[in-house]
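> What follows is a predicted structure for the sequence shown.
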Amino acid sequence: MTSLHALIADITTLKVDAIVNAANSSLLGGGGVDGAIHRAAGPGLLAECRLLGGCRTGSAKLTGGHDLPARHVIHTVGPVWQGGRHGEAELLAACYRNSLEQAEAHRLHSIAFPCISTGVYGYPADEAAVIAVRTVRGFVDAGCTLTDVLFCCFSETNLALYQALLNGPPDPAANERSR
Ligand code: AR6
């Protein structure tokens, strides 16, 4: 059984098996949560990222956590919001699913997600939260190694969105993960 929780925190402070980074396709750092993760992890993270050859939008790659309290970082690249008709929802769902696949492949038990794409990339926070919760529920309901999935919010607004979704009725659109 996997428990899903939302909280407000700086994701770089969380002592979990993996934190997820909302990166860009270079994987070489940036602003927002990406910048915060690289600052807190130290130069070893950038050195490891240089070996990865970037990452496509919707995909995910795992590194060590270096100086972070988290053991690993799962880097994923969210879609840039372009109005919603350019496959953004599918790509955002793929970020969550592929990050969870990485966690499961490494037999991790706890993972924390930021609100991917909702900062610089401009994805509407409410729509992004629905996709995040739906995708994670669909994945864990099919059974996995994870015991704890945290939605790490950086604002009260986002926290309220996640709490409403997590405490609300089951989402009929939460479908089984596709492998
Ligand atoms: N802990 C948790 N959440 C945070 C933190 C933090 N320390 N800092 C920011 N957030 P963003 P994106 C929240 O812009 O939209 C970078 O330059 C933030 O409030 O970090 O996917 C990358 O290199 C927001 O809710 O990521 C890419 O170029 C969420 O994290 C680009 O930004 C995501 O905001 C990716 O844009």
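Great, that's in hand. If you're wondering where the values come from, they're calculated on a predicted model, not measured in any experiment. Numbers count the residues shown, from 1 in each chain.
> What segments of the protein are strands?
According to DSSP state E, the chain carries its strands in the segments 3-8, 18-23, 60-64, 72-77, 110-113, 148-153.
> Pick the most buried one from the ones you listed.
Greatest average neighbour count among these goes to strand 18-23 (a mean of 28), per mean count of other C-beta atoms under 10 Å. Quick note: C-beta positions are derived from backbone N, CA and C, even for glycine.
> OK, contacts around the residue nearest the centre of the chain?
The chain has residue 113 as the residue nearest its centroid, 3.6 Å off, counting by C-alpha atoms, centre = their mean. With contact taken as C-beta atoms under 8 Å, 6 or more residues apart in numbering, residue 113 is in contact with 20, 96, 99, 132, 136, 149-152.
> where does this structure come near the ligand, residue by residue?
Residues of the chain lying close to the ligand (C-beta under 6 Å from any ligand atom) are 10-12, 22-24, 30-34, 36, 78, 114-121, 152, 154, 158.
> can you tell me which of those residues are in helices?
Of these, the ones assigned to helices by DSSP state H are 32-34, 36, 158.
> Now rank those by neighbours and give me the top one.
Highest neighbour count within those, by other C-beta atoms under 10 Å: residue 33, with 23 neighbours.
> can you count the residues close to the residue nearest to it when sequence neighbours are not counted?
Nearest residue to residue 33, sequence neighbours excluded (C-beta to C-beta, 6 or more residues apart in numbering): residue 114, at 4.6 Å. Residue 114 sits with 28 neighbouring residues when counted by other C-beta under 10 Å.
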